[in-house]
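below is the sequence, then the predicted model.
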Amino acid sequence: MKETMANLSSLMDSEVLRAYATYATIVLLKMMMMSFATAFYRNTKQVFFNPEDARAAAKGGDPKKLLKTDEDVERVRRCHLNDIENVVPFVAIGLIYTLTNPDLASALLHFRIFTGSRLLHTVAYLLPLPQPSRGLMWIIGYFATISMAVSILRGVLYL
Amino acid sequence: MKETMANLSSLMDSEVLRAYATYATIVLLKMMMMSFATAFYRNTKQVFFNPEDARAAAKGGDPKKLLKTDEDVERVRRCHLNDIENVVPFVAIGLIYTLTNPDLASALLHFRIFTGSRLLHTVAYLLPLPQPSRGLMWIIGYFATISMAVSILRGVLYL
Amino acid sequence: MKETMANLSSLMDSEVLRAYATYATIVLLKMMMMSFATAFYRNTKQVFFNPEDARAAAKGGDPKKLLKTDEDVERVRRCHLNDIENVVPFVAIGLIYTLTNPDLASALLHFRIFTGSRLLHTVAYLLPLPQPSRGLMWIIGYFATISMAVSILRGVLYL
């Protein structure tokens, strides 16, 4: 038992795995913040999908008036969905890439470019900044993930 | 080869990893059940997005009449999306947290609170129960994941 | 340090882990291609959700005319969401299953059935093929993932 615990623990002596753990956690936290932003906008702007939410918020008024869509809420939700579409593949492919024991400098480069581009993507989406700023940030993060995927397939392909 | 197989296998001697494997699988299965629930409601209520689905279901009737939205189907889909937004970060952050070799009791506490809150969240969403029951279950699970993320960043930060 | 690097690296000597890495990367790349397909359709068909995207595309015309939905774009988006709902659980459950050190032949069978069914699912969704072809491909992939989940729970259950 003790030896195995040591095995599991010693994995985190790897600098690449520590870097992965750090950047993956940061982008996942950023993605989770979008849930909070949606809940915040729904409650401050009083805009809901679920009748039970509208009833709780209406406090004597007509709950049906609160069942509508709002452009600010929809924008946060699109940004959240875009995060799911991009952050989740990064987290999964990034872990597999880390397990192939890449060069630390290459790994850090991929993780930093992806994380930086996604933070700027969110800023560009929520302000919003004029295009192509958001599109550019999306494609930079996208190709950082693709680059790790290519590295995995070149290194460990087993069909 | 044999020695490596032993390495991979011996990872599961770790009680924390076994607990993670168990709870992550349970919440992922719960999330997957929402796909099944959507398919079930679509077919029993005859409500579709895709023209080819409506054609297969119409059986001589007018397929266009089946291309509509239904509040029950939409509720299941919102619950499913909420699972994706919350279960996926738990599964990813929970794995990284597990690899930092946390105390078994702390890990079990996080996994159990998250899993329990998400099961109750689904009940609250689908019945539905009056608010704030669903909101409360959501925020409990949310902070269980945040707590693991903070623990990761405090333990292995490598920027 | 060196010894730990070796530990992390030697994980990929496991054929099951290499097979997992290969198939998980393939289905994640396939899922990511849907982002690209959406961006491609939006730009060739000039259909946008975000006012700033419409403004960048309008080039002197009325950007509001480009804020609409298009059935081809919506079809790609539904296919993408279906991927997220199915590929993400496969990737997560598949990794945990791999860590339980399964028989190589069983693991390959699961990974190949899932990957094949999802590639055909995308073909069936985008052409589209008449039902039940898409439904069949969905359910085959679904039960490949369920089968791995059952195997995990039978092997390492720790509640």
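Okay, I see it.

whatever helix or strand A:Gly141 lives in near chain C at all?
Using DSSP states H and E, A:Gly141 sits within helix A:133-156. Yes: for helix A:133-156, a contact with chain C is found by C-beta under 8 Å from any C-beta of the partner chain, at A:134-135, A:142, A:145-146, A:149, A:152-153, A:155-156. Backbone N, C-alpha and C define where each C-beta goes, glycine included.

so which elements touch that helix?
Contact partners of helix A:133-156 among helices and strands, from 3 or more C-beta pairs under 8 Å, 6 or more residues apart in numbering or on different chains; DSSP states H and E: helix A:71-99, helix A:104-126, helix C:15-45.

if we can go back for a sec, between the residues of helix A:133-156 next to chain C, which sits nearest A:Val27?
Closest approach to A:Val27 among the residues of helix A:133-156 next to chain C (C-beta to C-beta): A:Thr145, at 11.0 Å.

and the residue located most distally from the centre of chain A, what pLDDT?
Using C-alpha atoms, centre = their mean, the residue of chain A lying farthest from its centre is A:Gly60. It sits 38.3 Å away. For A:Gly60, the model assigns a pLDDT of 78.

for it, helix, strand, or coil?
Secondary structure assignment for A:Gly60 (DSSP: H, G, I helix; E, B strand; the rest coil): coil.

compare the helices and strands packed on helix A:133-156 and report which one is nearest to B:Glu52.
helix C:15-45 (18.4 Å).

run the chain-centre distance for that closest one.
6 Å (C-alpha atoms, centre = their mean, to the nearest Å).

and if you look at stretch A:92-99?
Its chain's average C-alpha position is 15 Å from that of stretch A:92-99, according to C-alpha atoms, centre = their mean.

neighbouring contacts of it?
Residues from elsewhere that reach stretch A:92-99 (C-beta atoms under 8 Å, 6 or more residues apart in numbering or on different chains): A:16-17, A:20, A:23-24, A:107, A:110-111, A:114, A:145, A:148-149, A:151-152, B:92, B:95, C:8, C:11-12, C:17, C:20-21, C:24-25, C:28, C:88, C:91-92, C:95.

quick one: neighbours of the nearest residue to A:Phe48 once chain neighbours are set aside, just the number.
Distances taken as C-beta to C-beta, 6 or more residues apart in numbering or on different chains place A:Ala54 nearest to A:Phe48, at 4.5 Å, with adjacent residues excluded. Using other C-beta atoms under 10 Å in any protein chain shown, A:Ala54 is surrounded by 21 other residues.

again, but for A:Ile113
16.

residues in contact with the closest residue to it other than its chain neighbours?
Nearest residue to A:Ile113, sequence neighbours excluded (C-beta to C-beta, 6+ apart): A:Ala144, at 4.7 Å. Residues near A:Ala144 by C-beta under 8 Å, 6+ apart: A:90, A:110, A:113-114, A:117.
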